[in-house]
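Trainee: Predicted structure and sequence below. I'll ask about it afterward.
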Amino acid sequence: MPAGLSRDFLEQVCQLFFERFNVAGFAVLERPMAQIYATGLLSGVVVDIGYEQSDISPIYEGFILQNTRTSTSIGIRDCENYLANIFRSNQSVMAAASPSDSPCDPQTAQQFLVDFVQHIWKEGLVRVPSDGQTADVPEDEGVTDIAAVLVAGKEKAVIETGMKKKATAKASAAEQARAREIEALDLVTVEFRGHSITVGKERHRFCEPLFDPTLLKPIQQVPVDDTQDQPLPLQDAVGLAVRQAEVDQRQAIWQGLFVTGDLGNHVKGIGVALQSRLSPYILSNPEQQTELQPRSIRVVNVPEYFAEFREKGDRLATFLGTSIVAKIVFNDSQLKSFVSKPDYDERGPHAIIGMSPALF
């Protein structure tokens, strides 16, 4: 469940499950806790990027620090509108959105652009460079760690890369020159609604509004003079949330930066990009460091030994963490971390409050 729900609401949910669905047992687990459990940690900060807003939840030793939780009203929808606006300067995109021989009305063209942007990022064609850097793909030096490839489930990608290199080696000089040009420009051709659309590096600007919401001002959906309720950049919201934690808790929290949500498995490098922008919140002068001063920020992910989640990534962390907790809690009646049917018959809906550690 979302974090921060009232006890009265949780009692109503407990009553619903027992009296409407006749369940044998019921437990409450807040979503940020499920997400951090999926990484194998008990402390960290969960950044859940949603469609309309992004939630930040610092966690220490298995408990959400409720007084530090915050959110910023910027999410995937803003990124989609921003990139759709950028694509208006791409002739290939606009020729498909509103052909010159049969132009569409502005609303239809805008919807086409937004749908195309959704297709782009969900196909994994977007990556996020670190602050002040561009994302480079390391070259394969010809040495492959077969064991590591198999554990990571990437054998198909390695085979495809090898076949591509062999084909390139046999290509003519003109074809190789064209391939180098495409690689330099980072061009991709996407099939979308019967159109072949070519886009370049501009697609990697998709997540820029998360880190700089002022970029949304020129877009029609955001009033230009609206500065009163300007949402916080994601890095500032995370930094301020962690700063509200106790000083002796911050070092452990910074060692578990976990970025999740729908973007988690589709947009490459978003965790590292956020990490690089959080550096101002870490003391960089070694002479001023103390035992309690955070020295680094560590990005965490769902471990690769969860084979079923290799291709699904971090966006299903909530489901994975909940599954782990359910297996432990419901298989050990001595823990008293869930409400059984006899417990509900004896104490009613209020039983959920006394049998959920996070609600004590």
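Mentor: Received it, and whenever you're ready, just let me know what you need. Numbers count the residues shown, from 1 in each chain.
Trainee: Can you report how many residues lie near Cys104?
Mentor: Using other C-beta atoms under 10 Å, Cys104 has 13 neighbouring residues. C-beta: built from backbone N, CA, C; applies to glycine.
Trainee: is it fair to say it lies in a helix?
Mentor: No - looking at Cys104 with DSSP: H, G, I helix; E, B strand; the rest coil, it is coil, so not inside a helix.
Trainee: Report the contact partners of it.
Mentor: Neighbouring residues of Cys104 by C-beta atoms under 8 Å, 6 or more residues apart in numbering: 97-98, 112.
Trainee: 7 Å instead?
Mentor: 97-98 (C-beta atoms under 7 Å, 6 or more residues apart in numbering).
Trainee: For it, give its distance to Ile253.
Mentor: Per C-beta to C-beta, to the nearest Å, Cys104 is found 49 Å from Ile253.
Trainee: what secondary structure does Pro58 sit in?
Mentor: Pro58 ends up strand, using three-state DSSP.
Trainee: Could you number the chain from 884 rather than 1 from now on?
Mentor: Understood, numbering begins at 884; the last thing we discussed is Pro941.
Trainee: My read is that it contacts Ala1128, right?
Mentor: Yes - the pair Pro941 and Ala1128 passes the contact test of C-beta atoms under 7 Å, sitting 5.3 Å apart.
Trainee: more neighbours, those two?
Mentor: Remark: of Pro941 and Ala1128, Pro941 carries more neighbours, 28 against 20, as counted by other C-beta under 10 Å.
Trainee: For the more buried one, give the beta-bridge partners.
Mentor: Beta-bridge pairing for Pro941 (DSSP bridges): Val928.
Trainee: Please name the residues that touch it.
Mentor: Contacts of Pro941 (C-beta under 7 Å, 6+ apart): 928, 948, 951, 1124-1125, 1128, 1136.
Trainee: Let me have those residues in JSON lines, extended by pLDDT.
Mentor: Converted to JSON lines, the contacts of Pro941 look like this (pLDDT from 0 to 100):
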{"residue": "Val928", "pLDDT": "96"}
{"residue": "Leu948", "pLDDT": "94"}
{"residue": "Thr951", "pLDDT": "94"}
{"residue": "Ala1124", "pLDDT": "95"}
{"residue": "Val1125", "pLDDT": "95"}
{"residue": "Ala1128", "pLDDT": "94"}
{"residue": "Ile1136", "pLDDT": "95"}
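Trainee: Tell me how many other residues surround Ser985.
Mentor: 6.
Trainee: can you pick the most crowded of the contacts of Pro941?
Mentor: Busiest of these [other C-beta under 10 Å] is Val928, holding 28 neighbours.
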